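# What would the 3D arrangement of this be:
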Amino acid sequence: DELFIPKGSLQGGSVKAGTRSIHAFGGQRVSPFETVAYTKDIKEEVLAFLTQAFAESGKTFEIEGRHKIYKDIEKNFERFLCLKDGSKVIGTVAVKKLTDSDCELKTMYLLKEYQGKKLGYGLAKTAIEFASKKGYSRIYLDSMKLHEKALKLYSSLGFKETGRYNDNDKAEVFMVKELK
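Just a heads-up that it's a prediction; the model follows:
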């Protein structure tokens, strides 16, 4: 799997999951960012990140309540990626299977200090490409109206508003992207 980083962002080209970004000419690292697949050995780090990311977006991370899905990430998500700056998790994105033909973009978070650098675009693009390669026909997402920047990002990636597809009572906006 590769993380797509758009031209003109902090790092150009693509980064193989679990490797560092290396400049093609000269082999020098051009960025401290790396994308890694979730493993149990970084669970506490991921949960700490989610607690911070939720707080930054005005929400409370409730691991014993509505967010208990994160207690077993490997079981509940088909793919879960973490974007790291050195040893620190700074972003996440996940794909969750809904049906044989539909999946959901989940856990799309990036710490505020890293927003506006096209890193979120790269994370979302990677998840969409994963879903497409897995043969899904559609990828859904839900969000809140107050997340205007995220909604603009999703629209730029080809997501369109759709009807409610889940029972998330906190979500106000539902979107879908056709993959085939």
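# Check whether Tyr136 sits in a helix, strand or coil.
coil (DSSP: H, G, I helix; E, B strand; the rest coil).
# Remind me which helix or strand the closest residue to it other than its chain neighbours belongs to.
Nearest non-adjacent residue to Tyr136, counting by CB to CB, 6 or more residues apart in numbering: Cys103, 4.7 Å away. Backbone N, C-alpha and C define where each C-beta goes, glycine included. Here Cys103 sits within strand 102-110, counting by DSSP states H and E.
# now for that strand, which elements pack on it?
For strand 102-110, the elements it packs on are helix 43-56, strand 88-97, helix 119-133, strand 138-143, judged by 3 or more CB pairs under 8 Å, 6 or more residues apart in numbering; DSSP states H and E.
# circling back: can you pull the contacts of the residue nearest to Tyr136?
With contacts defined as CB atoms under 8 Å, 6 or more residues apart in numbering, the neighbours of Cys103 are Glu78, Val95, Lys96, Lys97, Ala131, Lys134, Tyr136, Arg138, Ile139, Tyr140.
# I'd guessed the second one sits against Asn76; true?
No - look at Val95 against Asn76 with CB atoms under 8 Å: they stay out of range, at 11.0 Å.
# where's stretch 143-151 relative to the chain centroid, distance-wise?
15 Å (CA atoms, centre = their mean, to the nearest Å).
# What residues sit buried inside it?
Buried residues in stretch 143-151, counted by 16 or more other CB atoms under 10 Å: Ser143, Met144, His147, Ala150, Leu151.
# likewise stretch 172-180?
Val173, Phe174, Met175, Val176, Lys177, Leu179.
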